[in-house]
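In: Build me a model from this:
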Amino acid sequence: MLQLKDISMTFNEGTPDEKIALQHTNLELERGEFVTIIGSNGAGKSTLMNVISGNLIPDVGDVFINEKQVVHLPEYQRSAYIGRVFQDPMAGTAPSMTIEENLALAYSRNKKRTLRLGVNKKRKTLFKEYLETLHLGLEDRLNAKVGFLSGGERQALSLLMATFTNPNILLLDEHTAALDPSRAALITKLTKEVVGKSKLTTLMVTHNMQQALDLGTRLIMMDKGQIIFDVSGEEKQKLTIEDLLTEFQRIRGQKFESDRAVLG
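Out: Next comes the predicted model:
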């Protein structure tokens with residue numbers, strides 16, 4: 001479903017501000033896998049998401065979706081394959097448009113575009129049915145401007161918009177981090193339900209290690225632009241936060257000793 005081969009990305013190369021964001025990164029996701037990604041700030045998590053979405057073109061490497069090479073496709077063309085929810089609830093929706101109009105735009109993501117939004121009676125009924133699954137009463141507010149919704153409501157709407165056309169890949173970029181605990185819990189619950197129901201191939205970046213353990217079928221840890229730990233199945237289910245911290249320190253220690261040996 002998704003393949004990243006030997007991806008490398010460096011920002012400000014050859015300057016004092018040079019930053020290696022990704023180093024020969026390889027990743028492969030099977031159809032229906034739900035992968036959570038953890039790592040400290042600067043580990044390369046968001047850069048990885050941006051390379052997949054087409055927001056960034058890597059210096060080296062290939063990106064395949066359904067065995068199709070997409071590394072040189074711009075973001076707007078990859079959007080036919082990819083749904084994405086950002087950390088900022090203000091991103092991903094058009095605040096000056098209504099809930100109904102936002103849903104109509106999302107519905108047209110992988111269809112031929114026209115100048116009309118195409119909100120007919122049939123689609124309005126469909127939109128209401130999908131909104132009812134959020135249990136937020138938004139199905140009764142189709143004509144409300146999205147800019148007047150709360151952060152949690154907007155993020156729930158963004159999640160729905162990103163998923164209801166069943167994209168090949170769903171990218172969740174710390175999509176609960178900016179919400180208060182109760183709304184974050186709601187979006188986490190909705191994420192589990194939506195991804196599970198549609199069996200979407202999903203990558204979710206999070207700083208919340210417990211969330212990374214509770215959600216998904218596979219967990220990846222990144223550090224300094226590399227994937228340093230990859231676990232799935234029963235082994236993932238048995239992990240605790242303490243296990244993750246211990247593993248991080250162990251791998252970091254091994255890498256430090258290896259780098260010191262190379263440098264002499």
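
In: hey, let's count contacts and neighbours off CA atoms from now on
Out: Will do.

In: Next SSE downstream of the one helix or strand residue 101 maps to?
Out: Per DSSP states H and E, residue 101 falls inside helix 99-107. Toward the C-terminus, helix 99-107 is succeeded by helix 121-132 as the next helix or strand (DSSP H and E).

In: how big is the angle separating the helix or strand following that next one from helix 121-132?
Out: Per DSSP H and E, helix 121-132 leads on to helix 151-163 as the next helix or strand towards the C-terminus. Here helix 151-163 runs at an angle of 130 degrees relative to helix 121-132 (axes from the mean of the first three to the mean of the last three CA atoms, to 10 degrees).

In: Check which helices and strands helix 151-163 is in contact with.
Out: In terms of contacts (3 or more CA pairs under 8 Å, 6 or more residues apart in numbering; DSSP states H and E), helix 151-163 is packed against strand 82-85, helix 99-107, helix 121-132, helix 181-198.

In: And stretch 121-137, what's buried?
Out: 124, 127-128, 130-131, 134 (16 or more other CA atoms under 10 Å).

In: Output it as CSV, restricted to C-alpha atoms.
Out: In CSV, the C-alpha atoms belonging to stretch 121-137 read as follows (Å, rounded to 0.1, in the frame of the first residue of the first chain):
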residue,chain,number,x,y,z
LYS,A,121,-30.8,16.4,-1.5
LYS,A,122,-29.2,13.0,-1.8
ARG,A,123,-25.8,14.3,-0.7
LYS,A,124,-27.3,16.3,2.1
THR,A,125,-28.9,13.1,3.5
LEU,A,126,-25.5,11.4,3.1
PHE,A,127,-23.7,14.2,5.0
LYS,A,128,-26.2,14.0,7.8
GLU,A,129,-25.7,10.3,8.2
TYR,A,130,-22.0,10.7,8.5
LEU,A,131,-22.2,13.6,10.9
GLU,A,132,-24.5,11.6,13.1
THR,A,133,-21.7,9.1,13.8
LEU,A,134,-19.8,11.9,15.6
HIS,A,135,-22.6,12.3,18.2
LEU,A,136,-22.0,16.1,18.4
GLY,A,137,-25.3,17.3,16.9
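
In: which other residues reach it?
Out: 100, 103, 138-140, 142, 153, 156-157, 160, 164, 190 (CA atoms under 8 Å, 6 or more residues apart in numbering).

In: possible to save those residues as CSV with pLDDT?
Out: What follows is the contacts of stretch 121-137, written out as CSV (pLDDT from 0 to 100):
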residue, pLDDT
100, 92
103, 91
138, 92
139, 92
140, 92
142, 92
153, 92
156, 92
157, 93
160, 90
164, 80
190, 91
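
In: Top of those residues by number of neighbours, please.
Out: Going through the contacts of stretch 121-137 with other CA atoms under 10 Å as the criterion, the one with the most neighbours is residue 156, at 28 neighbours.

In: Can you name the residues that contact that residue?
Out: The contact partners of residue 156, by CA under 8 Å, 6+ apart, come to 134, 187, 190.

In: Just give the nearest non-adjacent residue to the last one, would you?
Out: Read it as residue 190. Spatially, and ignoring its direct neighbours in sequence, residue 190 is nearest to residue 134 (7.2 Å; CA to CA, 6 or more residues apart in numbering).
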